[in-house]
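Enquirer: Next comes the sequence, and after it the predicted model I'd like to discuss.
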Amino acid sequence: MPPQVSSVAPVFGLAAHLGRGLQRIATDAIFGRTRAVPRHIADLDPEYLSGLLGRTVTSVTLLDGDAGTSTRARMALTGDDVPASVFVKMPAETVATRLMGELGRLADTEVRFYRELSGQLGDVPACHGATFDPVTGRFVLVLEDLAAGGSCEFPDTLHPLDADRAALIVELLARVHATFWQRLDPYPWVYSASADATSLLTGALANAAARRLEGRTDIPVRAGQFIIDNYRAVAAVIDRGAHTVMHGDAHPGNVYFRNGRAGLLDWQAVRRGHPSRELSYTLITGMTTAERVQTQHDLLDLYRAELRAAGGPAIDREQLWQRFRQGALYAYIAALITAGMGGMQDENIALEGLARSVAALEDLDTVYALKASM
């Protein structure tokens, strides 16, 4: 392909993607009330839920809810063989957050995950119903209420994972990765981070986030400036090699523990890629820096063994370590944008994730490891 074509194509792809997202939001504002998919949690009445679940729902009661990249709520149900309570996800209420979701294809991705992939995995919430409207971008996901009954534990970044809990997550990731190792042809919608046209915006977003944070925190937010300035090139480096399906956002807030096993929720950022990217992101954001540094080699050895035991390939120890060091760039970029742009996580959680990711750039010498492969 001629150079001018290869450089222009992503720009056109980004423009088309942005245009589609803006068009969905505008269409929803004008015609959304005439579409079949409800616009708000309050619109989920027994009649609609009966159709979505395929079972007769006779009453719906809101238990609680919150907001982030999507609107979320717990609802009590009564009816014919329906769960006593469910967890529901719908689009965010604000236009800005919805546009961020459109850029990341979050709604379409998570609905597709539950329709096409989740049945091949254990340790994910059961899905009772899912729908996505490609015209407006509206969606409804009705999932298992993991909070019901008190059998699940939910960690977060401010309560770091110890080595034993981190090992449970590593074992889970190995099972997920082995299930889809180089088996991505049936799922063309699962794309890599570096191939996404919106990666053209990542460097600019990261720079904007760094400007917002400078002066507000003692964290050296520019520690990865080389990564910011060369994001598309370094993203291509960590996406090299054999690919599998990755959760894409396996930080502590998207993890739960039940009956001695780890599980993953919020499958809205599913991507394809080399597993080292996910391992770096998960261990860096989930553990204190000291605990990670002390245990990361053992945890990577555990991953290699569990991947093989689950039917995946044998991965060379030194190669995985090198890729793990490089993959720390994703934890840094994700944490920087999340902390700097605001609105997606509690500020204390976002800043703690950023502090850990900046520390990892240094102790893993990530920039050097990237430059060595470019």
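Expert: Now that the structure is in, tell me what you want to look at. Numbers count the residues shown, from 1 in each chain.

Enquirer: Can you verify my assumption that Asn254 contacts Gln268?
Expert: No. Using CB atoms under 8 Å, Asn254 is not in contact with Gln268; the gap is 9.4 Å. The C-beta positions use only the backbone N, C-alpha and C, and glycine is treated the same way.

Enquirer: So the two - more neighbours on which side?
Expert: The residue with more neighbours, out of Asn254 and Gln268, is Gln268; 24 against 21, by other CB atoms under 10 Å.

Enquirer: Spatially central residue in this structure, please.
Expert: Nearest residue to the geometric centre of the chain (CA atoms, centre = their mean): Asp249, 2.9 Å.

Enquirer: what sits against the residue nearest to that one when sequence neighbours are not counted?
Expert: Take Asp249 and drop its neighbours on the chain: the residue closest to it by CB to CB, 6 or more residues apart in numbering is Ala269, 4.1 Å away. Each residue near Ala269 by CB atoms under 8 Å, 6 or more residues apart in numbering is listed here: Gly104, Leu106, Thr109, His247, Gly248, Asp249.

Enquirer: hmm, 7 Å instead?
Expert: If you count contacts by CB atoms under 7 Å, 6 or more residues apart in numbering, Ala269 has them with Gly104, Leu106, Thr109, Gly248, Asp249.

Enquirer: now do Ile238
Expert: Shown in contact with Ile238 (CB under 7 Å, 6+ apart): His274, Ser276, Arg277, Gln326, Gly327, Leu329, Tyr330.

Enquirer: ok, now with 8 Å
Expert: With CB under 8 Å, 6+ apart, Ile238 has these contacts: Ser194, Gly273, His274, Ser276, Arg277, Arg323, Gln326, Gly327, Leu329, Tyr330.

Enquirer: Could you tell me which of those residues belong to helices?
Expert: Those of those mapping onto helices are Ser276, Arg277, Arg323, Gln326, Gly327, Leu329, Tyr330, per DSSP state H.

Enquirer: thinking again about what came up before, just say helix, strand or coil for the residue nearest to the centre of the chain.
Expert: Per DSSP: H, G, I helix; E, B strand; the rest coil, the secondary structure class of Asp249 is coil.

Enquirer: How about Thr285?
Expert: Secondary structure, three-state DSSP: Thr285 is helix.
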